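**Student:** pasting the structure only:
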Ligand code: ADP
Ligand code: DP6
Ligand code: CO
C-alpha cells in the first residue's frame, strides 16, 4: 500500500552531540528541541511485490551512493519489524528544506520516511515506537515525531529500547518564533555524523560538554513550563556555544561557523542591548536560528536582513508533528 507522510524539521535548544552506540544511534546525552513549521519533508513510500530493489528519488532526482544507502539501511529495519525481508519500496521525497546544509533535513527526512514506510508496509506503531524506529535513521529525527517541544531521552539500555523522544509541550503551549538566517545553503564539509564522532573521539572539551547537560536540561524544562523566554533563550544560546566549542578541540579541529555566522551572533547581542529579547542557536552548519517573541517579529526580521552576508531570513512558528495523508 502506498503511504505519504509529512514531517517538519526541529531546532535543538539542548543539542544532541555524540553517540555511545553508532549503529543503533544511541546518544551520549539527552536533548530537547522545538519543531519548526517553516521547513518540512513529504515522503511517499510504496512497498510493492514486483520491485526487486529499493528506489529513492529526492526532489525528483534519482539518488544513489551514500544517501541511497542510508535510506535502504533504514528500510531494512522496517522490513525486519514487519517480517517482510524480501519486499522492496519505491521512495519519493520532497525536501522543502535545503539538504545536508545544517537545516536538519535528516530530521524531517527520516521522520517522514519512518512514518510513511511503516504505514506502507502495514506496521501499527505508537508515537513512542515510531520515535524509537526513526532514531535509527538520524538521531535528531526522533524528536520530529512530535509538534512543539520534545525531549529525546538518551536511555540506559544497551539495546536502545528506552531511547526515544517524548512530548514536552505542544505547539499551543507557547507561541515562540524562530528566524532561520540563511548565509549559505551549500552542503556542509563535515556531516553531523562525522563531526560528532570526531569530537567524541578526540576533543578534550567533550567531558565538559557532557557534564553541563543535566543542569541545562532541568533549567530548560522549567523555562518552557513557565514560558520564561529569557531563561529559555539564555540556556539555548549558551548550550549551542558549548557544543560548537567542542569542535575546536577536535583533531583535526573544525568549525561550522563562517565570518558571517559571527556577524549574525553579534547582531543578536546588539538587539538585546537595545531591549529586544532575541537569542541565537546554531546546528551543524553556518546558518543561525534566532529565537524571538511574536511582538518583536518585524524588528527582528528587519535587523537580521540588514546584517551583511545574510541572503535570506525564513520565519517559523512552532510546528506540528508527523501527519499522514
Ligand atoms: P542536515 O543538517 O540537513 O540534517 P545531515 O548531515 O545531518 O544534515 O544529514 C543530511 C543527510 O540526511 C542527507 O545527506 C541524506 O542522507 C539524509 N536526508 C536528507 N533529506 C532526506 C530525505 N528527505 N529522505 C531521506 N534522507 C534524507
Ligand atoms: C547539531 O541527527 O543530523 O543538529 O544522528 O548522525 O543522523 P545523525 O546526526 P543528526 O545530528 C544533529 C546534530 C545537531 C544537534 C541536534 O539536532 O540536536
Ligand atoms: Co541532521
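**Tutor:** Ah, there it is. The structure displayed is predicted, hence computed values, not measured ones. Numbers count the residues shown, from 1 in each chain. Ligands and ions are numbered 1, 2, ... in the order given.
**Student:** part of a strand, is residue 165?
**Tutor:** Yes. Using DSSP: H, G, I helix; E, B strand; the rest coil, the assignment for residue 165 is a strand.
**Student:** ok, how many other residues are close to it?
**Tutor:** Other residues within reach of residue 165 by the criterion other CB atoms under 10 Å amount to 31. Placement of C-beta: from N, CA and C, glycine included.
**Student:** what's the answer for residue 124, then?
**Tutor:** Neighbours of residue 124 under the rule other CB under 10 Å: 7.
**Student:** I'd like to know how far it sits from residue 137.
**Tutor:** Per CB to CB, to the nearest Å, residue 124 is found 19 Å from residue 137.
**Student:** again, but for residue 307
**Tutor:** Distance from residue 307 to residue 137, by CB to CB: 35 Å.
**Student:** which of those two has more neighbours?
**Tutor:** Neighbours per residue, other CB under 10 Å: of residue 307 and residue 137, the larger number sits with residue 137, 25 against 19.
**Student:** which non-adjacent residue is nearest that one?
**Tutor:** In this structure, residue 137 finds its nearest non-sequential neighbour in residue 110, 3.3 Å apart by CB to CB, 6 or more residues apart in numbering.
**Student:** same question for residue 57.
**Tutor:** For residue 57, the spatially nearest residue (CB to CB, 6+ apart) is residue 92, at 5.0 Å.
**Student:** low pLDDT regions in the stretch 1-150 of the chain?
**Tutor:** Flagging of the stretch 1-150 of the chain using pLDDT under 70 yields an empty set of residue ranges.
**Student:** what residue in it comes nearest to ligand 3?
**Tutor:** Among all residues of the stretch 1-150 of the chain, residue 106 sits closest to ligand 3, at 3.2 Å; criterion: CB to the ion.
**Student:** which helices and strands does the helix or strand where the residue nearest to residue 137 lies pack with?
**Tutor:** Using DSSP states H and E, residue 110 falls within helix 105-121. With contacts defined as 3 or more CB pairs under 8 Å, 6 or more residues apart in numbering; DSSP states H and E, helix 105-121 has these neighbours: strand 2-14, strand 31-48, helix 66-82, strand 88-96, helix 127-135, strand 323-324.
**Student:** let's go with 7 Å and repeat that
**Tutor:** The elements that helix 105-121 packs onto, with contact taken as 3 or more CB pairs under 7 Å, 6 or more residues apart in numbering; DSSP states H and E, are strand 2-14, strand 31-48, helix 66-82, strand 88-96, helix 127-135.
**Student:** can I get those in JSON lines including distance to ligand 1?
**Tutor:** JSON lines is the format used below for the helices and strands packed on helix 105-121 (distance: least, CB to the nearest ligand atom, whole Å):
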{"stretch": "strand 2-14", "distance to ligand 1": "8"}
{"stretch": "strand 31-48", "distance to ligand 1": "4"}
{"stretch": "helix 66-82", "distance to ligand 1": "4"}
{"stretch": "strand 88-96", "distance to ligand 1": "4"}
{"stretch": "helix 127-135", "distance to ligand 1": "11"}
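**Student:** residue in the stretch 101-250 of the chain with the shortest distance to ligand 1?
**Tutor:** In the stretch 101-250 of the chain, no residue comes nearer to ligand 1 than residue 109, which is 2.5 Å away by CB to the nearest ligand atom.
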